[in-house]
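[1] Give me a model of this one.
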Amino acid sequence: MFAPSISRSFRVKALRTNFTAVHPFNRSPLQPREGFTLFELLIVMAIVALLMVLIAPAFTTIKSGTDVTSAAYTIKGVLDTARTYAKANNTYTWVGFYEEDVSQPSTTPATNGTGRLVMSIVASKDGTYVATTNPIDVTKVFQVGKLTKVENVHLARTADNTSLPVDSNPQPPGTTLDTRPTVTSAYSLGNPTSTTPFNYPLGGTQYTFRWMVQFGPDGNARLSNSTDFPQTAVASEIGLRQTHGTSVDMNSPNMVAVQFTGVSGNVIIYRK
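    Got it, this is the predicted structure:
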C-alpha cells in the first residue's frame, strides 16, 4: 500500500536531480565555465586596433570639414548681422577681420599669425559715411555686439579666379569649387587692405582691423571700403582653409568660400 508514495517520491527526486544537472546557476563552483580563451581575446583586440588605424584618417577629415564649415557659417552670421543692422538703422557698418597666432592667448596688441580668426562690427553713429580717416574716428562709430573668434581656420587669399590656392607663397592649386561665381584676387578678403581701418576696443590697441567688409544703408557690400572696389562687383569672397595649430593644411580637400554680392550684399557659402 506504500508503493505509490515511494514511487512518487522517487520520481520527484529524479526530476530534481536532472534539473540540477542542466541548470547553469546550480553548477558546482569547481565545474569549469564556458568563455573566450586568451588567444581569442588577443585576436579580437588586434582586429579592433587594425580597424582604428584604417578609419582614423577618415574621422580626421570629417572633423576638419566640420571645423571649416562651422567657421563659414559663423562668418556668414556676422556678415548678416552687420548688413541687417545697416539696413534697419539706415547707417553704415564695417566688419573687421584679423588673424592671430592660435598657439598663444590673445595679446595686446594682438600677435599676427595663423589659426584664429577674429571679427568685429562697428557702425556709424549718425548714419553718414565716416570711413575717411586712418584710423576711423572713434567718436563717430560704436561697437555692435562683441568680438567673434573662430579657431582652427586660416583666412585664404585667392590667387586667381578658378580655384582656392592660398597665400603669397606658391602652393599646389586647390580643388576648384565649380559652382561659385568667378572671383579675382582683387575681390578676395586678405589681399587688399583698407586705408581706413578701425581698432578694438575703440580707441584701443588690441586689434587693428585692416581687412574689412562695409555695408551701406541699402544693404550693398564693398570690400575694404575703398573706391577701388566698387559696390557693383559681381561677388567678393572670404576663403577659408583648415589649420592644425599654426600650420595650414594645404592638402586637405576641405575648403570653403564665403561670397557676398556687391549690390544686394547677400551671403552664400560654397564648399567642396
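
[2] Show me where the stretch 151-272 of the chain dips below the pLDDT cut-off.
    Under the criterion pLDDT under 70, the flagged ranges of the stretch 151-272 of the chain are 157-179, 182, 225-234, 252-254, 263-264.

[3] Do you have the strands of it handy? List them.
    Taking DSSP state E, counting those that start in this stretch as the test, the strands found in the stretch 151-272 of the chain are 198-200, 207-209, 211-215, 221-223, 236-244, 247-248, 255-260, 267-271.

[4] and what of the stretch 1-150 of the chain?
    93-101, 115-124, 141-143, 148-156.

[5] can I have the second one written out in CSV, keeping just the CAs?
    Once non-C-alpha atoms are left out, strand 115-124 reads as follows in CSV (Å, rounded to 0.1, in the frame of the first residue of the first chain):
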residue,chain,number,x,y,z
GLY,A,115,44.9,79.8,-36.8
ARG,A,116,42.5,82.1,-35.0
LEU,A,117,40.2,84.5,-37.0
VAL,A,118,38.8,87.5,-35.0
MET,A,119,35.9,89.6,-36.2
SER,A,120,34.3,92.8,-35.0
ILE,A,121,31.5,95.1,-36.2
VAL,A,122,31.3,98.9,-35.8
ALA,A,123,28.6,101.2,-37.1
SER,A,124,28.3,104.9,-37.9
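
[6] Let me know the average pLDDT across that strand.
    The average pLDDT within strand 115-124 is 95.

[7] out of the strands of the stretch 1-150 of the chain, nearest to Leu41?
    The closest approach between Leu41 and any of the strands of the stretch 1-150 of the chain, judged by CB to CB, belongs to strand 148-156 at 38.5 Å. To be clear about C-beta, it is placed using only N, CA and C from the backbone, and glycine gets the same treatment.

[8] Indicate each strand paired with the closest one and its parallel or antiparallel sense.
    strand 115-124 (antiparallel), strand 236-244 (antiparallel) (DSSP bridges).

[9] of the strands of the stretch 151-272 of the chain, which approaches Asn89 most closely?
    strand 211-215 (10.9 Å).

[10] can you list contacts of the closest one?
    By CB atoms under 8 Å, 6 or more residues apart in numbering, the list of residues contacting strand 211-215 from outside reads 79, 82-83, 85-87, 92-98, 131, 155, 189-190, 193-194, 197-198, 221-225, 236, 260, 265.

[11] now do stretch 140-147
    Residues outside stretch 140-147 that contact it (CB under 8 Å, 6+ apart): 81-82, 85, 93-94, 118-126, 130, 198, 200-202, 207.

[12] ok, of those residues, which come out buried?
    The neighbour-count test (16 or more other CB atoms under 10 Å) marks 81-82, 85, 93-94, 118-124, 130, 198, 200, 202, 207 as buried among the contacts of stretch 140-147.

[13] Can you give me the distance of the nearest residue to Val130 once chain neighbours are set aside to Lys146?
    Nearest residue to Val130, sequence neighbours excluded (CB to CB, 6 or more residues apart in numbering): Lys140, at 4.1 Å. Distance, Lys140 to Lys146, by CB to CB, to the nearest Å: 21 Å.

[14] ok, those two, which is more surrounded?
    Shown here are Lys140 and Lys146; by other CB atoms under 10 Å, Lys140 has more neighbours (17 against 9).

[15] Only whichever of the contacts of strand 211-215 are buried, select them in ChimeraX.
    Buried residues among the contacts of strand 211-215 (16+ other CB under 10 Å), as a ChimeraX selection:
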select :79,82,83,85,86,87,92,93,94,95,96,97,98,131,155,189,190,194,197,198,221,222,223,224,225,236,260,265
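
[16] Kindly export stretch 98-107 (C-alpha atoms) in PDB.
    Provided in PDB are the C-alpha atoms of stretch 98-107 (Å, rounded to 0.1, in the frame of the first residue of the first chain):
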ATOM      1  CA  TYR A  98      42.100  89.900 -38.100                       C
ATOM      2  CA  GLU A  99      44.100  86.600 -38.000                       C
ATOM      3  CA  GLU A 100      46.200  86.000 -34.900                       C
ATOM      4  CA  ASP A 101      48.600  83.300 -33.600                       C
ATOM      5  CA  VAL A 102      46.400  80.500 -32.200                       C
ATOM      6  CA  SER A 103      49.300  79.000 -30.300                       C
ATOM      7  CA  GLN A 104      49.000  81.600 -27.600                       C
ATOM      8  CA  PRO A 105      46.300  83.500 -25.800                       C
ATOM      9  CA  SER A 106      45.100  86.800 -27.300                       C
ATOM     10  CA  THR A 107      47.600  89.600 -26.500                       C
END
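
[17] Good, wrapping up.
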